[in-house]
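Participant: give me coordinates for this.
(chains A, B, C and D)
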4 protein chains.
Amino acid sequence: MLKLKAGIVGGAGYTGGETLRLLINHPGVTVTFVHSRSHAGKPVHSVHTDLIGETTLNFSDSFSFGVDVLFLCMGHGESKRFLQENAIDSSVKIIDLGNDFRLGDSVAGRSFIYGLPELNRESIRFAKHVANPGCFATAIQLGLLPLASKGLLKEVYTTGITGSTGAGQKLQDTTHFTWRANNISAYKTLTHQHVPEINQSLKQLQPTFEGAVNFVPWRGDFTRGIFVSSVVESQQSLDELNRLYKEFYKGHAFTHVADTMIDLKQVVNTNKCLIHLEKEGNKLVIHAAIDNLLKGASGQAVQNMNIMFGLDERAGLQLKSTVF
Amino acid sequence: MLKLKAGIVGGAGYTGGETLRLLINHPGVTVTFVHSRSHAGKPVHSVHTDLIGETTLNFSDSFSFGVDVLFLCMGHGESKRFLQENAIDSSVKIIDLGNDFRLGDSVAGRSFIYGLPELNRESIRFAKHVANPGCFATAIQLGLLPLASKGLLKEVYTTGITGSTGAGQKLQDTTHFTWRANNISAYKTLTHQHVPEINQSLKQLQPTFEGAVNFVPWRGDFTRGIFVSSVVESQQSLDELNRLYKEFYKGHAFTHVADTMIDLKQVVNTNKCLIHLEKEGNKLVIHAAIDNLLKGASGQAVQNMNIMFGLDERAGLQLKSTVF
Amino acid sequence: MLKLKAGIVGGAGYTGGETLRLLINHPGVTVTFVHSRSHAGKPVHSVHTDLIGETTLNFSDSFSFGVDVLFLCMGHGESKRFLQENAIDSSVKIIDLGNDFRLGDSVAGRSFIYGLPELNRESIRFAKHVANPGCFATAIQLGLLPLASKGLLKEVYTTGITGSTGAGQKLQDTTHFTWRANNISAYKTLTHQHVPEINQSLKQLQPTFEGAVNFVPWRGDFTRGIFVSSVVESQQSLDELNRLYKEFYKGHAFTHVADTMIDLKQVVNTNKCLIHLEKEGNKLVIHAAIDNLLKGASGQAVQNMNIMFGLDERAGLQLKSTVF
Amino acid sequence: MLKLKAGIVGGAGYTGGETLRLLINHPGVTVTFVHSRSHAGKPVHSVHTDLIGETTLNFSDSFSFGVDVLFLCMGHGESKRFLQENAIDSSVKIIDLGNDFRLGDSVAGRSFIYGLPELNRESIRFAKHVANPGCFATAIQLGLLPLASKGLLKEVYTTGITGSTGAGQKLQDTTHFTWRANNISAYKTLTHQHVPEINQSLKQLQPTFEGAVNFVPWRGDFTRGIFVSSVVESQQSLDELNRLYKEFYKGHAFTHVADTMIDLKQVVNTNKCLIHLEKEGNKLVIHAAIDNLLKGASGQAVQNMNIMFGLDERAGLQLKSTVF
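Facilitator: Model prediction:
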């Protein structure tokens, strides 16, 4: 089988590393280069030390290797600059894991499809450029899209908790082990940068949606995963709602509606999103869980690549969960 | 100084152990007995192994020792039975850490004051019997009482996370280390047993309160502590709200309104409650943190004892936080 | 490709679950049945809840399905009884993950090869029955075999730490989250049941070995993984020792000698063993890390299956590490 | 009662903070100043955020306040420079928590007593300057001193694990939460800087001791505490050894020999050291546990202060353990 040639820009960070981990075991892909300015010339396993014995790739400082697909795994704001400053052949498909293009921005004549397969699979299939969704945005949206698809969505109250990998590789006070272990804290209360992309998707399905997504993010004392609970008013019965959600996600390989309570570790180290619904009176509570680095970042990026190139959507993504 | 004589019934469990830890270092108290049917005769440090070198008390199987105050640290439902089946001298003051008497139930002619000092200090001062509040109930109420005191409270959306000690000593699937480590899950969604006592207190201050406290509890992957975030509508400015809260908690030694974001470990292993307010548009978010076993149970019980007997409210409760 | 038919006996436990997780994604295997007396008839994802969406298998209460290979994932002592009580066709190859046959015991005319590929690959290739090594035994041996292969081994001082999954699924005091979180403790000091199989392997390579492996096991506050440090006297230089180790493990796909310090999470959720050597004076320290459920149990079992059936030794075992 | 006046230099770090937490609740001490160059003028609770509501002290940038006792809580090497550069009145007693004076160094005419009360209580009683022992050094020595006191000590093999607070407040790769959570690693193998002070104490009791303390330190995935297991040869019976240890520690308020297996959390947030002995054949294994910031640093410093000033050795140190 002819393999896709893939390049990773920003390969020394968390999402770059996860993308690399997925691609080196992907049956339809060859990793042509992993770009990193700061580590150029060094083996990738000198940074991603778990990869010892699995790849002999070195980080490179150039990226003109004639690839089919390019993954941009850089800090927010850097993707746009990268595409302004570097001439990438127009035949190269681009998947951006940053937040530069999620709200419709384009650069150098390139426009981006918002890469949430459960919302936009058909557009992704024909996209040249995909803006991969944010991690919290993925979990929250997947819990709300079925309601929006029927115009049923009103004001939303969401609390979500994220693992430390969501804060990236840089050392900071809130990722100091001594502080974060066994700790819980809130941040960016009602002002998280993922809310606009959530609203954009909800309005795509329910143009009349004028309610708010009141989102309180918490920092959790674990490394991987996002768990969110959203409370909304609903007149439908729990049975009707479960049917709606299961119908909506039929044919979506990674998103499942569970009949029993979910927990975060069911999805850690996988590309899945699990959803569970509960109802009391007229209040519906939607719980959703993803791995922030996989379905919330690199896994979804590879899923988008699979769709863009007509591969099996699950190729390279049938991952063993950590489970414990 | 003449010391109070205290007895603990149900001394082998978590709240019994914490009560004991507080009382053995309390300057105004002598622990007369620690009752445990299952461990009678054994040193208390055979169960509470951290107490080695600190006490030579043994568990006893009787409890007729002429005490001044009795702490009931039993499973929910057992306090009522205990007081029905055992003749306790009417001079003995009783503090019940279970949930049998929080909603106004009485037994054998004994009625109980709801023991939240920030709400009922004056009544507690003259109470013979106190029903100690629930842990989640304490954290959520302390975040809402100032609003209720001004009749400002409408519908409340609260998410809270609790450490594993909230689930008690019994082995169960959800406290298996392998399952709980690095995991998050929801339980008793909108149906937690602490909601009625929260509503009771809110109505005590704001009789017109007919809104709901929509409470989503989560299990956290840590042992001690509760962190809650409540979202409510509010027309007041953040300045006004901070003034209201600080005024309300003036003179309350353990509850503080912080001007900067709080985190759980600021209060772990202390009797404090910390509160922090944030406002966006007309939405107020109230964060609150306590140690579920101290301000949420045994610490508040000792605080109640101090008030009931006219001691310094902080006696025995100036605890070094774990902090890290 | 014709796929191997595999059956799992004891499929509801940890090692049964991990074996299942590996086999359902193994390109050369079909899982024919997963046996569990207690869960027969239920979907396997009702127990292994992370498998939702990945398999429609149910637990079965029989195991006569004409399989090629049978994995025994039962409690220690139960494999022998199982093979005594059940007639398994003599054509079926058996891999036992318990400790019944590691020291040379046979049953009903079946003898077992000790299934450590780095020691016995050629025998495993032709084995009908394999006794999969213990988890601590795997990590400790892989750190010592190269020395024994040259007759260089004297007394060994080893400390090892294990995740909670090593203690199995049963609820017990030492796996209560409240106790185990942030805790360290020792157990089975110098008397761990894996020491005899370690000695057996060392004597296989160095028949004169009469020293002891003084092994102090610790319980760690994590779920997956084993880290061991062994101290031995050595006259060789660190360079010579590194050459010896790298030569010994050349051609072994999963065991690597790292030139820089290793840490546990490099191997968690993989089938790897990483080794790192340090030398001060005449003391050599050998650090080794594995995932106790994979290289220490189910992963090594699948590796053995691959060898026994002439498959690529790495088939189904190119796992994405959790890494964080 | 007249209270001692205490000053803390380097009050913004971990050991400075812990010393402060102990002193503000110490019945015989008033904290006169907490010095910090970088935070001068700010409330101490702006850095030690758990102290909100407990103290109105601000950090100061000077330290000439006529104190009785000065705690130096600075980085290693800085205490000597501080005492060279600043004229401290000769009447001020000094307790240095760094490692500058543990091996007999003096400065500006000041010599220091090694402040391990279980070894040197009588000298500490009359000391003007005390060098507080290292954390690992405290745990390892307390496990070995009774043997050395009888001249019984030969070569020692010790593995120890430490919480992240041992690495201090500075952000570094090995204290990044994402890396350290659920991880184990070794560092400074056989070369840890505490070994010389251990040897110094052992030789003080057993001048003929020429063996080595082969010490392998591990980084643990918790914040507080040290657990060590030492293996030595011994001809004595376990009964004799237990008698020896209990006799040796009789009258030492914080060090206890437990008859049952110990675990780390028995001592976390206390000033205790727990020891447990096990014997197989001629191998004795000594387990010991302390809180690295208390008995391993600030708690022992306050214990030394109590001894130096003739206070009850336990004053201010009867701490509630975190226990869970």
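Participant: point out the residues in the stretch 51-200 of chain A that sit beside chain D.
Facilitator: By CB under 8 Å from any CB of the partner chain, the residues of the stretch 51-200 of chain A that approach chain D are A:164-165, A:169, A:171-173, A:175-182. In short, each C-beta sits where N, CA and C put it, glycine included.
Participant: helices of chain A, start to end?
Facilitator: A:14-24, A:78-85, A:117-125, A:135-149, A:177-180, A:195-205, A:238-249, A:298-308 (DSSP state H).
Participant: can you redo these as TSV with mean neighbour count, distance to residue D:7 and mean pLDDT?
Facilitator: Output for the helices of chain A, formatted as TSV (neighbours: other CB atoms under 10 Å in any protein chain shown; distance: least, CB to CB, whole Å; pLDDT from 0 to 100):
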stretch	mean neighbour count	distance to residue D:7	mean pLDDT
helix A:14-24	26	44	98
helix A:78-85	17	48	96
helix A:117-125	17	62	98
helix A:135-149	26	47	98
helix A:177-180	26	25	98
helix A:195-205	20	49	97
helix A:238-249	16	64	98
helix A:298-308	27	52	98
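Participant: closest to chain B out of the residues of the stretch 51-200 of chain A next to chain D?
Facilitator: Checking these against chain B with CB to the nearest CB, the nearest one is residue A:182 at 4.1 Å.
Participant: who's in contact with the closest one?
Facilitator: Going by CB atoms under 8 Å, 6 or more residues apart in numbering or on different chains, residue A:182 touches A:221, B:222-225, B:264-265, B:268, C:181-182, D:223.
Participant: at 6 Å what do you get?
Facilitator: A:221, B:222 (CB atoms under 6 Å, 6 or more residues apart in numbering or on different chains).
Participant: check what pLDDT it gets.
Facilitator: Reading off the confidence values, residue A:182 has pLDDT 98.
Participant: also the one 10 residues further on?
Facilitator: The score at residue A:192 is 97. That number is its pLDDT.
Participant: and for residue A:66?
Facilitator: 89.
Participant: who does the closest residue to it other than its chain neighbours form a beta bridge with?
Facilitator: Leaving aside its sequence neighbours, residue A:66 sits nearest to residue A:5 (CB to CB, 6 or more residues apart in numbering or on different chains; 6.8 Å). When assigned by DSSP bridges, residue A:5 has beta-bridge partners residue A:30.
Participant: wait, doesn't residue A:5 sit right on residue A:68?
Facilitator: Yes. Between residue A:5 and residue A:68 there is a contact at 5.0 Å, judged by CB atoms under 6 Å.
Participant: so how far is residue C:51 from residue A:321?
Facilitator: Per CB to CB, to the nearest Å, residue A:321 is found 8 Å from residue C:51.
Participant: likewise for residue A:162?
Facilitator: 24 Å.
Participant: same question, residue A:185
Facilitator: 33 Å.
Participant: quick one on the thing from earlier: adding distance to residue B:310, write the helices of chain A out as JSON lines.
Facilitator: Compiled in JSON lines, the helices of chain A are given as follows (distance: least, CB to CB, whole Å):
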{"stretch": "helix A:14-24", "distance to residue B:310": "57"}
{"stretch": "helix A:78-85", "distance to residue B:310": "65"}
{"stretch": "helix A:117-125", "distance to residue B:310": "63"}
{"stretch": "helix A:135-149", "distance to residue B:310": "51"}
{"stretch": "helix A:177-180", "distance to residue B:310": "40"}
{"stretch": "helix A:195-205", "distance to residue B:310": "52"}
{"stretch": "helix A:238-249", "distance to residue B:310": "53"}
{"stretch": "helix A:298-308", "distance to residue B:310": "62"}
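Participant: so which of these is nearest residue B:43?
Facilitator: Evaluated over the helices of chain A, closeness to residue B:43 peaks at helix A:177-180, with 34.4 Å, by CB to CB.
Participant: elements contacting that closest one?
Facilitator: On a contact count with 3 or more CB pairs under 6 Å, 6 or more residues apart in numbering or on different chains; DSSP states H and E, helix A:177-180 meets helix D:177-180.
Participant: contacts for the helix it packs on?
Facilitator: Looking at what lies outside helix D:177-180 - CB under 6 Å, 6+ apart - the contacts are A:164-165, A:175, A:177, A:180, A:223, C:324, D:221.
Participant: identify the farthest-apart pair in those residues.
Facilitator: A:165 and D:221 (15.5 Å).
Participant: and residue A:1, what's its pLDDT?
Facilitator: 65.
Participant: neighbours of the residue of the stretch 201-324 of chain A found nearest chain D, just the number please.
Facilitator: Of all residues in the stretch 201-324 of chain A, the one sitting closest to chain D is residue A:223 (5.1 Å; CB to the nearest CB). For residue A:223, the count of nearby residues is 28 (other CB atoms under 10 Å in any protein chain shown).
Participant: run through the residues that contact it.
Facilitator: Contacts for residue A:223 (CB under 6 Å, 6+ apart) come out as A:163-165, C:324, D:178, D:181.
Participant: domains of chain A?
Facilitator: A:4-132+A:297-308, A:135-290 (automatic domain parsing).
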